[in-house]
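Peer 1: sharing a model prediction with you, sequence too.
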Amino acid sequence: MERITAADYRDIAKPGDPRLSPDGDRVAFLRREPVDDETTESTVYLADVDGDDPRRLTLAEGSDAEPRWSPSGDRIAFTATRGADDDRQQLWVLPLSGGEARQVTDVVGGVSEIAWSPDGERLAFVQSVTDADREADRDLAVPEEYEPNDHPDPRVIDRTVYRSGQRYFDGRRSHVYVADADAAVDGATGGDPAAGIERVTGGDADFGTPEWGDAETLYVTEQVGEDPDDSVEIAICAHDFATGETETVHETTEWEAALAATGDGRIAFTHADPERVSMQQTDLRVLDRKSGEVTELTATLDRGVGRAIAPQWGPDDATLYFATPDEGKTALWHVPGDGSAEPERLCRPGAVSGGTVGGDAGAGPDEVTVAFAGSEWDHPGDVFVFDAGAGETTRTTELNADYLAERAVAEPEEVRFESGGTEIQGWLLLPPETGPDGEGSEADEAEEHPLVVEIHGGPHAMWSTAGTMWHEFQTLAARGYAVFWSNPRGSTGYGEAFLQAIERDWGAVTLSDVMAGVEMVADRPDVDETNAFVTGGSFGGFMTAWAVGQTDYFRAAVSQRGVYDLTGLYGSTDAAYKLVEGDFDTVPSDEPAWLWEQSPTGHADGVDTPTLLLHAEDDTRTPICTAELYHRILRKNGVDTRFVRYPREGHELSRSGEPAHVVDRIERIARWFDGYSEHHDAPRALDRPDEEGLSADTEEADGEKTDGEESGSE
């Protein structure tokens, strides 16, 4: 059996956005896999629910997203960059009876959040455009001679939040449109640029989340408030196509609202208490437009509604299905839309990233089918189907069967421990055995292994045994490390009190929980407590830097995409400055000295631990400026440090960055730790040429790695 390496990232396929067909017999999903150092291919696949071999539906050209079945099941709509010379997604429709996909839009703002009308005649979508785009009709069809200016000089800012997701808004607003499902680009641009495309929203506001009620009613959300950028107030609007009128039917408060509607005027939506919203769990409510009544559905459930599976009405139009994080897993629940009963758990898969509920018309909770993308400790991701009637789950894909057949995959052990009078859940992953027996069993328990402690982001996130961290954890274990991770207080999935336990104290509370777990696993004979290392990204980067400012326990640290100065974060981030206002209940002008003390930079003068900083240059969530400050302090104090900056990358570097960057990041983590580990015969990374030992520098002409790379040492 071969060991897993960082470079294996290029060979791993992952599923996404599974969608059940209306008849419940098939699942459309995205298959994503790197194709070169800079590009990940994303194509639409189709699988039968009984697990037959899936087949590819769309061409391997550009990047596909959002496969959506037509109500009759005879077509699939999706977005794609096919044929474009930029990254703007356009709307396409593919007939399943045969033939090529047809391009429906060629709009300046790209296409996202697509939704079929119930009669299958129209598709709603969202695009971001400027007033100038609308005046020139570029939001309906782009002229052939048009060249977008994505880099204005100078860039003029008139908004509180002016960038997100690696992109500046530059006067753009998100608006909702409707396209004729039978339209084609040639028809939409030939003589009449408005043919086939209809504007639904307008004005100086951001709209989104289109959700059809009946065939003549489209619900959308609008960011509202005195300053919508600085508000969590969201209006739910109804657009009547018969009259052309749009009205606000309700308002909610939420970081990002989700909608689900029925044809008779019932709208399910998410809601969170606006008071310090980042510290609140999300609940699910229903507005009945006929009566005007709002019903709370999850008030008695001590779990917040999550985003792994969007809230949706079932085939009976009477039952709502929603997901929550739940102690390292995702739980799917059902509840009557009228609130006549308490929520009940339908199933509890592992780490889930998208899913849909379906079945025959009128099917209730005991009869539905659920398709979801999930991962577990022994695989990085596949599509599964849960049959509620049989209570059975079928694995419909094995995307990485050939790869996994040749790799030794280690199984993590769940651990529970106490910290601050609270039980904390964590996991320990030991190196696999990769000897000639090929069994891939766990390594000899008598052997001591250096320990890598991983800390999750958020701060209100939740880790499991798999998910997006599967490859990184398995790679570190394959290089001889025992890997420990946990869900300390502040994580979702353990109740409201657990979530709010880090109020005004990200650092001390979280570190006490992490170190309680470290102390427990370090007592084991198979863990070398004298060779411990720490890493994490985003909030995990904050905690990595906080930890080395509070303790010398760790031999080395790697802080990734971190937050190092809360005041700097407040001024430079996108909407995430609400974390300072919510979690810390303050703003920099009120308590500047206190926020400095709550920041890793406030304790950087006490750092002796060798610390590598990894950051994405286009990160708008945790902008690189606070990493620059922290790095300079470490340099001035003579600490072993290095600052690695990834161009063209944003906050999703570790999850969806350029393949070469994802691989480089993991290899640099391991190389930094190897240089300070007594268990690895390797010099410090600082004593080696920058590229030595990294796969980009060790590829031989025949595609094999050098001995240094294969040995797991630098």
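Peer 2: Cool, got the structure.
Peer 1: how about Asp402, secondary structure?
Peer 2: Put simply, Asp402 is helix when judged by DSSP: H, G, I helix; E, B strand; the rest coil.
Peer 1: count the neighbours of Asp48 for me.
Peer 2: A count of nearby residues for Asp48, using other Cβ atoms under 10 Å, gives 16. For the C-beta atoms, the positions are set from N, CA and C on the backbone; glycine is no exception.
Peer 1: in contact with it, which residues?
Peer 2: Under the criterion of Cβ atoms under 8 Å, 6 or more residues apart in numbering, the neighbours of Asp48 are Asp25, Arg26, Val27, Thr396.
Peer 1: quick one, phi psi at it?
Peer 2: For Asp48, the backbone dihedrals (degrees, to the nearest 10) come out as phi -80, psi 150.
Peer 1: so it versus Gly24, what's the distance?
Peer 2: 11 Å (Cβ to Cβ, to the nearest Å).
Peer 1: what do you get for Ala410?
Peer 2: Where Gly24 is concerned, Ala410 sits at a distance of 37 Å (Cβ to Cβ).
Peer 1: ok, Tyr577 next?
Peer 2: 44 Å.
Peer 1: try Thr601
Peer 2: Separation of Thr601 from Gly24 (Cβ to Cβ) stands at 54 Å.
Peer 1: next: Arg68.
Peer 2: Separation of Arg68 from Gly24 (Cβ to Cβ) stands at 16 Å.
Peer 1: compare the two (neighbour count), which wins?
Peer 2: Counted by other Cβ under 10 Å, Arg68 and Gly24 do not tie: Gly24 has more neighbours, with 20 against 17.
Peer 1: quick one, phi/psi of the more buried one?
Peer 2: phi 80, psi 10.
Peer 1: so it makes contact with Trp69?
Peer 2: No: counting by Cβ atoms under 8 Å, Gly24 stays clear of Trp69, with 10.8 Å between them.
Peer 1: tally of neighbours for Glu617?
Peer 2: Neighbour count of Glu617, defined by other Cβ under 10 Å: 14.
Peer 1: now Arg276
Peer 2: 17.
Peer 1: what does Thr243 give?
Peer 2: 9.
Peer 1: that one falls within a strand, correct?
Peer 2: No: secondary structure of Thr243, determined by three-state DSSP: coil, with no strand assignment.
Peer 1: backbone dihedrals for it, please?
Peer 2: phi -110, psi -20.
Peer 1: if I look at it, how far off is Glu216?
Peer 2: 9 Å.
Peer 1: with Arg648 instead?
Peer 2: From Arg648 to Glu216 the distance is 44 Å (Cβ to Cβ).
Peer 1: again, but for Trp69
Peer 2: 21 Å.
Peer 1: of these two, who's got more company?
Peer 2: Shown here are Trp69 and Glu216; by other Cβ under 10 Å, Trp69 has more neighbours (23 against 15).
Peer 1: please look at the more buried one and Arg19 and confirm they touch.
Peer 2: Yes: between Trp69 and Arg19 there is a contact at 5.9 Å, judged by Cβ under 8 Å.
Peer 1: which neighbours do the two share?
Peer 2: Joint contacts of Trp69 and Arg19 (Cβ under 8 Å, 6+ apart) are Ala28.
Peer 1: which residues sit against the helix or strand containing Glu628?
Peer 2: Element membership for Glu628, per DSSP states H and E: helix 625-636. Counting contacts by Cβ under 8 Å, 6+ apart, the residues outside helix 625-636 that touch it are 545, 559, 562-565, 568-569, 572, 600-601, 604-605, 607, 611, 613, 615, 641, 643.
Peer 1: what do you get for stretch 79-90?
Peer 2: With Cβ under 8 Å, 6+ apart, stretch 79-90 has contacts from 58-59, 61-66, 91-92, 101, 103-112, 114, 148.
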